[in-house]
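[1] Generate coordinates for the sequence data below:
(one chain, ligands or ions: 1)
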Amino acid sequence: MSAENTDPVAPGELSDAENAEFEQLDCSAVIADVWLLLDNECDADVRDRLQSHIDECSSCLAHYGIESQLKNLINRKCGGDRAPDSLRDRLTGEIRKTVITRATEG
Ligand SMILES: [Zn+2]
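    Numbering: from 1, shown residues only. Below is the predicted model:
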């Protein structure tokens with residue numbers, strides 16, 4: 001039961017390996033959040049997590065090819081609009097493809 005915030009290393013001082021590991025974990029969590037957003041109505045916590053991740057790590061979503069679609073989804077769902085089925089289908093397909101690809105590669 002030690003304190004969790006005893007690490008004195010600032011984010012910018014992490015080694016490349018540590019950085020990569022952190023980003024991977026974070027990006028996986030983001031994909032899980034995308035699923036949540038697809039399955040549920042707008043959730044403020046999920047939206048905030050996704051939005052801040054897009055701001056700081058757009059490269060991962062761009063890598064998945066879903067960055068712009070995800071922005072659309074957030075805007076529509078959290079703006080009170082229903083996400084169109086076509087957008088939902090496309091995002092679902094892209095994410096599934098990505099998850100399967102990553103699982104196979106790993
Ligand atoms: Zn990321």
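[2] secondary structure element for residue 88?
    Here residue 88 sits within helix 85-105, counting by DSSP states H and E.
[3] do that helix and the ion meet at all?
    No. Applying C-beta under 5 Å from the ion, one finds helix 85-105 separated from the ion by no less than 11.9 Å. Bear in mind the C-beta positions are built from the backbone N, C-alpha and C, glycine included.
[4] tell me the contacts of the residue nearest the centre of the chain?
    Nearest to the geometric centre of the chain sits residue 30, at 2.4 Å (C-alpha atoms, centre = their mean). By C-beta atoms under 8 Å, 6 or more residues apart in numbering, the residues touching residue 30 are 49, 50, 53, 57, 60, 61.
[5] how about 10 Å then?
    Shown in contact with residue 30 (C-beta atoms under 10 Å, 6 or more residues apart in numbering): 46, 49, 50, 52, 53, 54, 57, 60, 61, 64, 70.
[6] filter those down to the ones close to the ion.
    Intersecting the contacts of residue 30 with the contacts of the ion gives 57, 60 (criterion: C-beta under 5 Å from the ion).
[7] Distance of the residue nearest to the centre of the chain relative to residue 40?
    In this view, residue 30 and residue 40 are 16 Å apart by C-beta to C-beta, to the nearest Å.
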